[in-house]
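Trainee: Pasting a predicted model and its sequence here:
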Amino acid sequence: MTQTTQFKGRCMCGAVSFEGESPKEPVRTCHCKQCRRWASGPVDAYSVPVDTLNFTAGEDKVKYFVSSEYARRGFCADCGSNLFWHGDRHPEFKHRVAIAVGALERPTGLVAGNHIFCESKGDYYEIEGNRPKFAHED
């Protein structure tokens, strides 16, 4: 039986809020150049099926920036909080959305998983600890 977790989150100003229940998966830490520019550092993200993400307020406040040929990044139009990464034009990822874990309410019940895109990490930090590390995607 697949273990699930309930999640609830919001942007900094509260204009956007969301919740859902999804299979429990580890949080991935992305070190790619785009994530570092988007968040000024690595991004911790929890990936959920798109149909499990339910907006409770402000869905119309979410603005998307097309950040690559296959993905877009969602943020609050009012406060600018980074909220989502969605590979909406990628065959493998279009049915999933990665939620920026910093937007989730505590306790999340989640655990840290893999580091991805480690070959692109910033030169100002080291990736420490024994979590699995992948040059690209895991």
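Mentor: Looks like it came in fine. Being a predicted model, the structure only gives us computed values, none of them experimental. Residues are numbered from 1 along each chain as shown.

Trainee: and Val48, what helix or strand is that in?
Mentor: For Val48, the host element (DSSP states H and E) is strand 43-49.

Trainee: who does the helix or strand following that strand pair up with?
Mentor: Counting by DSSP H and E, the element after strand 43-49 in chain order, helix or strand, is strand 54-57. Strand 54-57 sits in its sheet next to strand 17-23 (antiparallel), going by DSSP bridges.

Trainee: show me where the chain has strands.
Mentor: Ranges of strands within the chain are 4-10, 17-23, 27-30, 43-49, 54-57, 62-66, 72-76, 82-86, 96-100, 112-116, based on DSSP state E.

Trainee: Redo those strands as JSON lines? Include distance to Glu137.
Mentor: Every C-beta, even on glycine, is put in place using the N, C-alpha and C of the backbone. Supplementary listing: the strands of the chain in JSON lines, determined by distance: least, Cβ to Cβ, whole Å:
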{"stretch": "strand 4-10", "distance to Glu137": "23"}
{"stretch": "strand 17-23", "distance to Glu137": "19"}
{"stretch": "strand 27-30", "distance to Glu137": "9"}
{"stretch": "strand 43-49", "distance to Glu137": "12"}
{"stretch": "strand 54-57", "distance to Glu137": "27"}
{"stretch": "strand 62-66", "distance to Glu137": "20"}
{"stretch": "strand 72-76", "distance to Glu137": "17"}
{"stretch": "strand 82-86", "distance to Glu137": "13"}
{"stretch": "strand 96-100", "distance to Glu137": "12"}
{"stretch": "strand 112-116", "distance to Glu137": "6"}
